[in-house]
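S.K.: quick one, what's the 3D model for this:
(one chain, ligands or ions: 3)
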Amino acid sequence: QGIERGEFVLHYQPQIDLASGRIVGAEALVRWRHPQLGLVPPGKFIPVAEVSGLIVMIGEWVLGEACRQNCAWQQAGLPAISIAVNISAVQFRSGRIEDNVAAVLADTGLAPELLELELTEGIVMVGANATVETLQRISDMGVKLAIDDFGTGYSSLSYLKRFPIDRLKIDRSFIADIVTEPDDAAIAQTIIAMAHTLRLEVIAEGVETEAQLALLRRWRCDAYQGYLYGRPLTPQQFLQQLSPTPAP
Ligand code: C2E
Ligand code: MG
Ligand code: MG
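M.R.: Numbers count the residues shown, from 1 in each chain. Ligands and ions are numbered 1, 2, ... in the order given. Predicted structure coming up:
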């Protein structure tokens, strides 16, 4: 019913290039604007939607809406940024993801390299040949692939060389204590070094303080997102953030 009534909305969290300080992307994060419950966060309904299978419908809507929004921003004259969309393992296994992506790109005309799919380690760990082939075809379209919450899953690293991955997102649980916990600092620093050795980009999530950012800069992390720069924003707020400030 929520889908039929158009109650789902996307908020967008800026992704910042560490070297230039510029917004280079945005992660689309779904919320359910429920008539009685108010704005329901994804952690509350995605797990339920995964069990019921409704995540496939929600996920397809998210993919389409995020791409449409990115095109709209570009048509409004904003600099080109990439849009990151979270893909549930259940949605991936529905077998429709490749067709969905191709259809959305054709419908919207969005440049494929401006779309990034955020996969969980659960998707790639299944490791079936079909998974590799599907991801390879999506990658061949020009779409970018990232591993979300990197380091919290099964931690087999062999998939990094088998799959056409472009970027790792260091889970925010590691970032939270990099300033005070030497072990967390070592893990984050090692993920960054490993990613670069494998010619992958790396982005840190959940960056909340300047001290965390200073360490990430020292370790040559490529990009970050987090409350320090900004919380997820409505499309209107995001447009204002991204608009070049008019000369005085
Ligand atoms: P995620 O993909 O790892 O998204 C990052 C989450 O961390 C977001 O929570 C974001 O609001 C939050 N966050 C960002 N910066 C900070 C920070 O500095 N500090 C802290 N403490 N948190 C920060 P959100 O929006 O509640 O989303 C939670 C999870 O729900 C996402 O984790 C993702 O796994 C899932 N999700 C969100 N949208 C979608 C979607 O469209 N499809 C699917 N399948 N999953 C989604
Ligand atoms: Mg994500
Ligand atoms: Mg994450």
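
S.K.: pull the longest strand from this structure.
M.R.: strand 23-34 (DSSP state E).

S.K.: check whether the helix or strand just after it contacts ligand 1.
M.R.: Sequence-wise, the next helix or strand downstream of strand 23-34 (DSSP states H and E) is strand 38-40. No: using C-beta under 6 Å from any ligand atom, strand 38-40 stays clear of ligand 1, with a minimum separation of 10.0 Å. The C-beta positions use only the backbone N, C-alpha and C, and glycine is treated the same way.

S.K.: would you confirm that Ala84 belongs to a strand?
M.R.: Yes: with DSSP: H, G, I helix; E, B strand; the rest coil as the criterion, Ala84 is assigned to a strand.

S.K.: outside of whichever strand or helix holds Val9, which residues touch it?
M.R.: For Val9, the element it lies in under DSSP H and E is strand 8-17. Applying C-beta atoms under 8 Å, 6 or more residues apart in numbering, the contact partners of strand 8-17 are 2, 22-33, 58, 61-62, 65-66, 69, 82-84, 203, 222-225, 229-235, 238, 241-242.

S.K.: what's across from the spatially most central residue of the chain in the sheet?
M.R.: Most central in the chain under C-alpha atoms, centre = their mean is Ala84, positioned 3.9 Å from the mean C-alpha point. Going by DSSP bridges, Ala84 is paired in beta bridges with Glu27, Glu116.

S.K.: buried stuff in the longest strand of the chain?
M.R.: Buried residues in strand 23-34, counted by 16 or more other C-beta atoms under 10 Å: Ile23, Val24, Gly25, Ala26, Glu27, Ala28, Leu29, Val30, Arg31, Trp32.

S.K.: what's the longest helix in this structure?
M.R.: helix 55-75 (DSSP state H).

S.K.: now do it, average pLDDT.
M.R.: Averaged across helix 55-75, pLDDT comes to 97.

S.K.: pull the CA atoms of it into PDB?
M.R.: Coordinates of each C-alpha in helix 55-75 appear next as PDB, following Å, rounded to 0.1, in the frame of the first residue of the first chain:
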ATOM      1  CA  ILE A  55      12.000  -5.200  -1.200                       C
ATOM      2  CA  VAL A  56      12.100  -6.100  -4.900                       C
ATOM      3  CA  MET A  57       9.400  -3.500  -5.700                       C
ATOM      4  CA  ILE A  58      10.700  -0.900  -3.300                       C
ATOM      5  CA  GLY A  59      14.300  -1.400  -4.600                       C
ATOM      6  CA  GLU A  60      13.100  -1.000  -8.200                       C
ATOM      7  CA  TRP A  61      11.400   2.200  -7.300                       C
ATOM      8  CA  VAL A  62      14.500   3.500  -5.500                       C
ATOM      9  CA  LEU A  63      16.700   2.800  -8.400                       C
ATOM     10  CA  GLY A  64      14.400   4.600 -10.900                       C
ATOM     11  CA  GLU A  65      13.800   7.500  -8.600                       C
ATOM     12  CA  ALA A  66      17.400   8.100  -7.800                       C
ATOM     13  CA  CYS A  67      18.400   8.100 -11.400                       C
ATOM     14  CA  ARG A  68      15.500  10.400 -12.300                       C
ATOM     15  CA  GLN A  69      16.600  12.700  -9.500                       C
ATOM     16  CA  ASN A  70      20.200  12.800 -10.700                       C
ATOM     17  CA  CYS A  71      19.100  13.600 -14.200                       C
ATOM     18  CA  ALA A  72      16.900  16.400 -12.900                       C
ATOM     19  CA  TRP A  73      19.800  17.900 -11.000                       C
ATOM     20  CA  GLN A  74      21.900  17.900 -14.100                       C
ATOM     21  CA  GLN A  75      19.100  19.500 -16.100                       C
END
